[in-house]
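[1] I'll drop the sequence and a predicted model, then ask my questions.
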Amino acid sequence: MSTPLYDALKEYAAENPLRLHMPGHKGKALSAPELEEVTALDVTELPPTGNLYEFGEPFESAQALWAERFQADCCQFLTGGSTMGIHTGLTLLCRPGDRVLIDRSCHRAVYNAMALLDLRPEYLSRPWLAEEGIAGPIGPAQVEDALEKHPDVKAVCITSPTYCGVLSYIGDIARLLHSRGIKLMVDGAHGAHLPFLGEEAAFAGADAVVVSAHKTLSALGQGALLFTRGMDPERVRRAASIYGTSSPSYPILASLDLAREELEGKGIWSYRRALQHTARLRERFPSLGGSALPLDPARLTLKVKDGPAFTRELEARGIFPEMEDGGHVVMICTGRDSDEDFLRLEEALEELRDRMGDSPPLPRPPLPERALSPREALFAAAVTRLLEDCEGKISAGQIAPYPPGVPVAAPGEIISKKELAYLREIGYNMKKFVWVTR
């Protein structure tokens with residue numbers, strides 16, 4: 001069976017059981033015809049359908065197939081996106097009060113996890129690629145330098161790939177950390193497709209990796225996976241249950257089964273075709289690239305003179321990219337994008353060619369001074385203020401342009417003139433209300 005969970009749900013529905021259990025629709029059609037099919041598979045924990053947080057079938061087989069693909073010991077299905085996986089992974093790797101080394105480009109979920117677990121962060125700055133206007137990859141040298149300054153670090157968390165598609169040198173970093181008895185977690189939310197495309201090294205050696213199958217594969221929204229090495233699966237399940245609902249969505253879980261099967265079958269050829277289109281568009285239009293920069297082969301990051309204005313032009317043509325900043329527009333390309341889709345995009349880009357190229361130099365994000373721990377700040381008494389009026393205040397939450405959700409000021413950090421100047425320069429809404437401590 002290549003889709004054990006999906007098959008079990010289909011078999012249960014086919015028996016036409018009397019469903020005297022939740023959900024309340026009882027497997028019958030909803031008023032919206034678009035959802036008519038999914039209700040049959042929307043069930044709860046039963047002997048035939050299994051329990052996500054307990055040992056047994058069909059989850060055991062379904063998760064084992066994913067673990068094999070990612071060369072991991074254990075896979076845990078998630079219905080709370082990569083956020084749930086980040087919280088679970090850091091819970092497994094750290095104890096309250098531990099010092100951790102955090103990639104400054106990590107998603108806001110990492111910052112929330114640090115507050116929940118009362119972790120003490122030290123931040124790992126990425127090299128700034130001025131010619132590209134983005135942060136570059138992290139290598140073992142940067143990590144080693146940081147560890148020399150903070151030898152009591154217990155775990156490291158790195159984002160790879162980034163929103164722009166930049167890959168870090170995970171295998172080399174893992175070897176360095178393991179030689180010192182330190183654990184590595186990778187937020188690979190945007191990299192679920194990489195092992196299917198021959199990029200097995202993308203997560204090599206990491207102790208915990210989380211990926212969002214709904215971002216770059218065909219799983220339903222919130223479908224994600226946590227992969228671990230060297231951990232008791234029962235402990236992984238128990239930690240995941242802390243952060244996940246006790247009524248996980250079975251349609252989301254079944255879509256994880258199907259997303260893997262698709263790329264292990266004929267769907268891989270569609271994805272490889274998408275890579276060819278992406279490579280051709282990179283050559284035709286100004287974009288991130290070059291052999292010196294390790295990139296996700298399916299991510300198209302265009303270099304434009306004005307990111308927001310360029311995006312509005314695309315949207316006016318019915319084309320909606322993933323994100324933009326001052327000098328880039330990012331597009332997620334997958335095997336579900338047809339030849340016609342790529343042609344439509346190419347024609348639009350040709351019309352907008354004169355708006356592409358290098359933008360005014362983008363500044364490197366500042367690193368604020370920290371006044372409180374993430375936990376102290378996030379749970380402190382707080383008020384809302386206009387961002388432009390917050391000079392000298394301590395941030396009680398993330399001030400993060402989203403996407404990509406990377407904090408310019410994280411909980412506990414002082415909002416100074418340099419942070420405000422940076423946000424103005426990148427065009428952030430200074431009239432926005434933010435949380436600051438009293």
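    Alright, I've got the coordinates. This is a predicted model, so every value here is computed, not measured.
[2] going forward, measure contacts between C-alpha atoms and count neighbours the same way
    Fine.
[3] max-length strand in the protein?
    Selection of the longest strand in the chain by residue count, based on DSSP state E, yields strand 153-159.
[4] Check which helices and strands that one is in contact with.
    Identification of packing neighbours for strand 153-159 by 3 or more CA pairs under 8 Å, 6 or more residues apart in numbering; DSSP states H and E yields strand 99-103, strand 183-187.
[5] mind checking how far the helix or strand following the last one is from the chain centre?
    Going back to what we said before, that points to strand 183-187. Downstream of strand 183-187, the first helix or strand assigned by DSSP states H and E is strand 208-212. How far strand 208-212 lies from its chain's middle: 8 Å, per CA atoms, centre = their mean, to the nearest Å.
[6] What residues are bridge-paired with residue 300?
    residue 331 (DSSP bridges).
[7] Give me the number of neighbouring residues for it.
    Neighbourhood size, residue 300 [other CA atoms under 10 Å]: 26.
[8] so it makes contact with residue 282?
    Yes. Under the criterion of CA atoms under 8 Å, residue 300 makes contact with residue 282 at 6.9 Å.
[9] Please list all residues in contact with the residue nearest the centre of the chain.
    With distances taken as CA atoms, centre = their mean, residue 189 lies nearest the centre of the chain, 2.7 Å away. Neighbour list for residue 189: 82, 160, 161, 210, 211, 212, 213, 215 [criterion: CA atoms under 8 Å, 6 or more residues apart in numbering].
[10] Same check on residue 331?
    Contacts of residue 331 (CA under 8 Å, 6+ apart): 299, 300, 301, 321, 322, 323.
[11] hmm, try it at 7 Å
    Residues in contact with residue 331 (CA atoms under 7 Å, 6 or more residues apart in numbering) are 299, 300, 301, 321, 322.
[12] Any regions of this structure where pLDDT drops low?
    By pLDDT under 70, the weakly predicted segments of the chain are 1, 290-291, 402-405.
[13] Tell me where it has strands.
    Secondary structure of the chain (DSSP E): strands located at 74-78, 99-103, 120-124, 128-129, 134-135, 153-159, 183-187, 208-212, 224-228, 299-303, 323-324, 328-332, 382-386, 433-437.
[14] any idea how far the nearest residue to residue 356 once chain neighbours are set aside is from residue 360?
    Excluding its sequence neighbours, the residue lying closest to residue 356 (CA to CA, 6 or more residues apart in numbering) is residue 304, at 4.0 Å. When distance is defined by CA to CA, to the nearest Å, residue 304 is 10 Å away from residue 360.
[15] So between the two, which is more surrounded?
    Shown here are residue 304 and residue 360; by other CA under 10 Å, residue 304 has more neighbours (28 against 12).
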